[in-house]
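K.L.:
Below: sequence and its predicted model.
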Amino acid sequence: MTVKVYGAILVLILALAMVFSGCTDTSGENQTSTDGVNVEETTTYIVGIDGEHKSYSYVDTDGNPVGFDVDSIKWIAEKEGFEVEIIPVAWDGIIPALMAGKIDMVYSGMTITDKRLEQVNFSIPYWKVNQSVAINDVNNYTMDDFMSGKYIIGAQSGTSGAQWVEENLIDTGIMPAENFKNTYSTFPLVSEDLKNQRIDFAIYDKPPMLEAIEGKPLSIIGEVDTNEEYGVAIRKSDVELLETINDGLTQLMADPYLEELKTEYGMVE
């Protein structure tokens, strides 16, 4: 075999080696910058939120996710050394999106419930809340009327308020199922129907309820004492991420920044 043939074979071998070396997955490994310094890649987690859950998570007029929960996860990400991408997801499909790997966590005022714990893990609780009940100001309905089951109640689909009505009024036989409207994808749609008197009552978490009815002829007349706790939902397989979020929440709850967030978003417990 001639020297030229040997040379051609050597060039081919080197070319193949370069091609195959380019197939190696280097995600999460240290990379080398142009000046020769190793640069560690940062993990990015996709955070799912309800885009209309003021003051916890919502999309502002410029299309940017904002709110108490949004700022909280950004602060935690900075402290724990990861990046976040925050996207709105339809609430009734947000846990399926988490299970399918489309998002990595739900950080959006989600109540910790036994039913949800069957599917996902939750972080340590970071907020407590009750369900509030609102009416249109033209009516004189009371909490006794609400509990009677004789009137039309509206709730956002997939919320703990909807679950409370189902378990405490419908399943007990107090209220017929046809008196319950729970197909709303967002709570602003519920409040709009309450304003237009298509429903008699609305039930929702108290802080975002206050935001939703502001400026409308609607009033909160009472609360259902549920003592719910909010947590961050994470896939059961993501044990390390759960530990990271718990550590971040522990730091946040001990930091003065938490009070700044409460003040900024007018948070009430």
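P.N.:
Here it is on my side, so go on.
K.L.:
ok, how many other residues are close to the nearest residue to Leu252 once chain neighbours are set aside?
P.N.:
Spatial nearest neighbour of Leu252, chain neighbours left out: Leu258 (5.6 Å); criterion: Cβ to Cβ, 6 or more residues apart in numbering. (C-beta placed from N, C-alpha, C; glycine too.) Neighbours of Leu258 under the rule other Cβ atoms under 10 Å: 18.
K.L.:
Walk me through which strands the strand ranked longest in the chain pairs with, and which way each runs.
P.N.:
If you go by DSSP state E, the chain has its longest strand at strand 218-235. Sheet pairing here is set by DSSP bridges, and for strand 218-235 it gives strand 105-111 (antiparallel), strand 120-122 (antiparallel), strand 127-136 (antiparallel).
K.L.:
State the next helix or strand along the chain beyond that strand.
P.N.:
Downstream of strand 218-235, the first helix or strand assigned by DSSP states H and E is helix 239-253.
K.L.:
who are the neighbours of that following helix, in terms of helices and strands?
P.N.:
Judged by 3 or more Cβ pairs under 8 Å, 6 or more residues apart in numbering; DSSP states H and E, helix 239-253 is in contact with helix 68-80, strand 218-235.
K.L.:
Run the angle between the following helix or strand past that helix and helix 68-80 for me.
P.N.:
Downstream of helix 239-253, the next assigned helix or strand under DSSP H and E is helix 257-265. Computed by axes from the mean of the first three to the mean of the last three Cα atoms, to 10 degrees, the angle separating helix 257-265 from helix 68-80 equals 150 degrees.
K.L.:
so who does Tyr204 touch?
P.N.:
Shown in contact with Tyr204 (Cβ atoms under 8 Å, 6 or more residues apart in numbering): Gln131, Ser132, Ala134, Ala155, Gln156, Thr159, Gly161, Phe187, Val190, Ala212.
K.L.:
Which pLDDT value does the model give the closest residue to Met143 other than its chain neighbours?
P.N.:
Among residues not flanking Met143 along the chain, Gly222 sits closest, at 4.1 Å (Cβ to Cβ, 6+ apart). At Gly222, the pLDDT value in this model is 96.
K.L.:
If Gly222 is in a bridge, with which residues?
P.N.:
The partner residues for Gly222, given DSSP bridges, come to Val133.
K.L.:
who's in contact with the residue nearest the centre of the chain?
P.N.:
Geometric centre of the chain, nearest residue: Ser108, 2.8 Å, by Cα atoms, centre = their mean. Residues counted as contacts of Ser108 (Cβ under 8 Å, 6+ apart) are Gly48, Ile49, Asp50, His53, Tyr56, Ser57, Asp69, Ile94.
K.L.:
will you turn those into a markdown table that also has secondary structure, pLDDT and distance to Ser123?
P.N.:
Below are these laid out as a markdown table (DSSP: H, G, I helix; E, B strand; the rest coil; pLDDT from 0 to 100; distance: Cβ to Cβ, whole Å):
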| residue | secondary structure | pLDDT | distance to Ser123 |
| --- | --- | --- | --- |
| Gly48 | strand | 98 | 14 |
| Ile49 | strand | 98 | 15 |
| Asp50 | coil | 95 | 17 |
| His53 | strand | 89 | 17 |
| Tyr56 | coil | 93 | 15 |
| Ser57 | strand | 95 | 15 |
| Asp69 | helix | 97 | 12 |
| Ile94 | helix | 97 | 16 |
